[in-house]
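Visitor: coordinates for the following, if possible.
(one chain, ligands or ions: 1)
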Amino acid sequence: MKQERMAPFLTDGRSMLLAYDQGLEHGPSADFNDRNIDPATIMETASKGKFNGVVFQKGVAERYYDGKIPLIVKLNGKTSLPKGEPISKQECSVEQAMSLGAKGVGYTIYLGSGFEAEMLSEFGRIQEDAHKRGLPAIAWIYPRGSAVQNDTSKEIVAYAARAGLELGADAVKIKYTGDPTTFSWAVRAAAGVKVFMSGGPKAPTDEDFLTQVRGVMEAGATGLAVGRNVWQNDDPLRMAERLRRIIFEETKGKSRQSK
Ligand code: FBP
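Guide: Numbering: from 1, shown residues only. As a prediction, the model looks like this:
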């Protein structure tokens, strides 16, 4: 029986993670305002909002992680400045992440990029190292680059999910296809790997986002690993509460993958 390395991040097999590595990925002007530019406010939202975990890069973790909820440290990252085929290289070791208190590590793979091979092999080494130390390796798998036409099609999202299984990820973070039927194919393709939806830019209304979340959970996902749709909200704790209700109560036992 496979060891459940994701256990620290699960409540009844479901999960809600708060991501905050956008300062590196997008830059502080694109996503942040006066309030959420301060990592301390995000740490507070994560614990008061009863998230199952928070995702930081190592620098933010070192200064702001307060140990109140489990930590995932992203081990690679890139800025939005270079153009061309995307590549994100490792800049933090599993050992360093653990020394900061991480109970899991994250790594982004741009599936389909001209540099895909470098990221696949780097993730392979990280996955082995993480597993030796008993930590889950969580793969953000984003199909991206000139070979990818539509990064939210049923086929490509399922491909991302399946790649996570083949590579030995404990969980994959993938984009939503837009409806539960097509997303449930990705969940099936992941074949037991925990599936998390990546949030994306803030949806036009709270209801729009909550509808996506219901669809994702109905499709059989484990949960969400989102950032902007929570901490860009005028009331992040209220949004967290609404998400919790959908993930842990409303959709429980109603997923298409329920036995
Ligand atoms: P969001 O919910 O804000 O989209 O965060 C999820 C995430 O995966 C972050 O961890 C990461 O910084 C960002 O999306 C990457 O976004 P992009 O799709 O622009 O590469």
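
Visitor: roughly how far does the one residue in the stretch 51-200 of the chain that gets nearest to the ligand sit from Met98?
Guide: Distance from the ligand to each residue of the stretch 51-200 of the chain (C-beta to the nearest ligand atom) is smallest for Gly199, at 2.5 Å. Using the backbone N, CA and C atoms, a C-beta is placed for each residue, glycine as well. When C-beta to C-beta, to the nearest Å is applied, the distance between Gly199 and Met98 equals 27 Å.

Visitor: what pairs with the longest strand seen in the chain, parallel or antiparallel?
Guide: In the chain, with assignment by DSSP state E, the single longest strand is strand 102-109. Using DSSP bridges, the strands paired with strand 102-109 are strand 71-74 (parallel), strand 137-141 (parallel).

Visitor: so does that strand get close to the ligand?
Guide: No: if you take C-beta under 6 Å from any ligand atom as the test, strand 102-109 misses the ligand, and the best it gets is 7.4 Å.

Visitor: which parts of the stretch 101-250 of the chain are strands?
Guide: Ranges of strands in the stretch 101-250 of the chain, per DSSP state E, counting those that start in this stretch, are 102-109, 137-141, 171-174, 194-198, 223-226.

Visitor: would JSON lines of the ones you listed with mean neighbour count and mean pLDDT be doable?
Guide: Below are the strands of the stretch 101-250 of the chain laid out as JSON lines (neighbours: other C-beta atoms under 10 Å; pLDDT from 0 to 100):
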{"stretch": "strand 102-109", "mean neighbour count": "26", "mean pLDDT": "98"}
{"stretch": "strand 137-141", "mean neighbour count": "28", "mean pLDDT": "98"}
{"stretch": "strand 171-174", "mean neighbour count": "30", "mean pLDDT": "98"}
{"stretch": "strand 194-198", "mean neighbour count": "24", "mean pLDDT": "97"}
{"stretch": "strand 223-226", "mean neighbour count": "28", "mean pLDDT": "98"}
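
Visitor: where does the stretch 1-150 of the chain dip in pLDDT?
Guide: By pLDDT under 70, the low-scoring segments of the stretch 1-150 of the chain are 1-3.

Visitor: can you list the residues of it near the ligand?
Guide: Near the ligand, the residues belonging to the stretch 1-150 of the chain are Ala19, Asp21, Gln22, Glu25, Val55, Trp140 when assessed by C-beta under 6 Å from any ligand atom.

Visitor: now, the most widely separated pair of those?
Guide: Gln22 and Trp140 (12.3 Å; C-beta to C-beta).
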